[in-house]
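The sequence isn't on hand, but the structure is:
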């Protein structure tokens, strides 16, 4: 009693598992949906590159919304550059600093952040840059992140690693978890190292936080795309 269902999405489940997951998330998707078929194909391709959506419902929902809308759905900002530095001070303390440069509605925004590791520092830099424009992000907090080194890759805290861009040849996969006090969500990113993978997961987490009516308590929700942009 009190138990609920949780559909797992993978390349093995195909279109049927995508359709079930879409309905679980509150989207009206009919059997045999072409959008679900496209989403299933994308899941298969991304999982061949190291992604896993089993614990990243928010990343899957972003992918699904793109296919339902029939158009790319990027964040309402574009990324110019980002960087992370890790240094040991004279006091022996290791400090991590991140800097981001974004464009929001054509306006350049730069910010820095300090944290307990690269992912935390990047998250704080993103918040610092975006909260003045999107004040709802002030309630959003990074609660956890997990790193997995993919076979053949080097998941360091900087550089390019040996895996490149998450094409199945190595690198890292990072799962991040967020909460705004009312809801929790997780996103996943894959890259040549933990920093690149973490950054991609963080951008998706912010995209999800800014969705209008994300994680509704009612079905038959339309997938209205956000302003199209590209994050790297």
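Good, I have the coordinates. Bear in mind the structure is a predicted one, so any value in this text is a computation, not a measurement. Residues are numbered from 1 along each chain as shown.

and residue 187, what is it in contact with?
The contact partners of residue 187, taken as Cβ atoms under 8 Å, 6 or more residues apart in numbering, are 56, 58-59, 62, 175-176, 178, 201-202, 204-205, 208. Quick note: C-beta positions are derived from backbone N, CA and C, even for glycine.

Just give the closest residue to it, not the sequence neighbours.
residue 204 (3.9 Å; Cβ to Cβ, 6 or more residues apart in numbering).

wait, isn't residue 126 in contact with residue 206?
Yes. Using Cβ atoms under 8 Å, residue 126 is in contact with residue 206, at 6.2 Å.

Pick out whichever of those two has more residues nearby.
Using other Cβ atoms under 10 Å, the more surrounded residue of residue 126 and residue 206 is residue 126, with 26 against 21.

Now do the buried residues in the strand or helix carrying the more buried one.
Applying DSSP states H and E as the criterion places residue 126 in helix 118-130. Buried positions in helix 118-130, judged by neighbour count with 16 or more other Cβ atoms under 10 Å: 118-130.

What segments of the chain are helices?
Using DSSP state H, the helices of the chain run over 14-24, 34-48, 57-69, 118-130, 194-209.

same for the first one, what does it pack against?
Packing contacts for helix 14-24, counted by 3 or more Cβ pairs under 8 Å, 6 or more residues apart in numbering; DSSP states H and E, involve helix 34-48, helix 57-69.
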